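Participant: Give me coordinates for this.
(2 chains)
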Amino acid sequence: MVLLMDQQTDTETKFEKLVLPELEIMYRTAWLYTRSKSEAEDLVQETLLKAYKALDRFDGRYPRAWLLTIMRNTNINRARKKKPDLLDDPEKTFERSQEFSDTQTPETIVVDPLFSAEVTEAYETLPENFRNVIDLVDLNSFSYKETAAKLGVPVGTVMSRLHRARKQIREVLKEKQVEDTISQGGDHID
Amino acid sequence: MSCAQVMVVMQAYLDGEVDERTAKKVAKHLDSCADCQYESSVYVDIKKSLAQPKIDPDPDVLAALSDFTRNLAASGNS
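Facilitator: Now for the predicted structure:
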């Protein structure tokens, strides 16, 4: 009895230790998939349930990759479950095709979610003047010239900040060996 | 164009900020150099990731998810 209670406490501690530091990244990724705050929360919860059930099969390495892979598969399954009755009623079909437009399908995320999460985390550690340039060029598709005018700095400064910012992100990815994780895929996890 | 030369203009190339002649030279190099092609593809993915809209999670939502995690762990229904 005492042994069982100890095992339960170990599982409880292990799960919390693995999951709690990843919740913010999980929520951000879920929001990218769903573009809805409530659906993102649901997706995270469903992912947590599946992760907990699969905990005894997880070796404890790369929890972020493990959790985001479960989330990706969960999201694909959710999308599949929502689509089968699309053709039942022509009027409803149109409404629901709008509801489940491209912004709410698994294809919304064009980059591996783990890779994207690591990039976002690295971005947040950059100095503000680097992030400002990235926001204008990468997020808002401004040209170097437009960015320079907007920020009141020479084009050369824009280039320098942008290139250094991306290289810093690249270095973080190398340190974390994120590419290796991508190439491993991880489709076996459900 | 050498690998080092390509790396110097890689970012501007991916942002569409180099002239046509340079773009052609870079493209030609990338066609025949697997290492630079790989670097280029990583930077393309970095750009795509950075181009995605971001959300600042509501602290209440994160607190609720933390509670959910703790309750789930405490339930012992693995």
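
Participant: what comes up buried for whatever helix or strand residue B:64 lives in?
Facilitator: In the assignment (DSSP states H and E), residue B:64 maps to helix B:59-75. Burial within helix B:59-75, assessed by neighbour count using 16 or more other C-beta atoms under 10 Å in any protein chain shown, is assigned to B:61, B:62, B:65, B:68, B:69, B:72, B:73. C-betas here are computed from N, CA, C, even on glycine.

Participant: Pick out the residue nearest the middle of chain A.
Facilitator: By C-alpha atoms, centre = their mean, chain A has its centre lying nearest to residue A:29, at 3.0 Å.

Participant: Now that that residue has come up, it's in contact with residue A:116, right?
Facilitator: Yes - between residue A:29 and residue A:116 there is a contact at 7.2 Å, judged by C-beta atoms under 8 Å.

Participant: Tell me how far residue B:58 lies from residue A:145.
Facilitator: Distance, residue B:58 to residue A:145, by C-beta to C-beta, to the nearest Å: 37 Å.

Participant: Hmm, I typed the wrong one, I wanted residue A:116.
Facilitator: Relative to residue A:145, and taking C-beta to C-beta, residue A:116 is found at 28 Å.

Participant: Briefly note if the one helix or strand residue A:170 maps to comes near chain B.
Facilitator: Taking DSSP H and E as the criterion, residue A:170 maps to helix A:155-176. Yes - using C-beta under 8 Å from any C-beta of the partner chain, helix A:155-176 reaches chain B at A:159, A:162, A:163, A:166, A:169, A:170, A:173.

Participant: contacting residues for the first one?
Facilitator: Residues in contact with residue A:159, defined by C-beta atoms under 8 Å, 6 or more residues apart in numbering or on different chains, are A:144, B:11, B:12, B:17.
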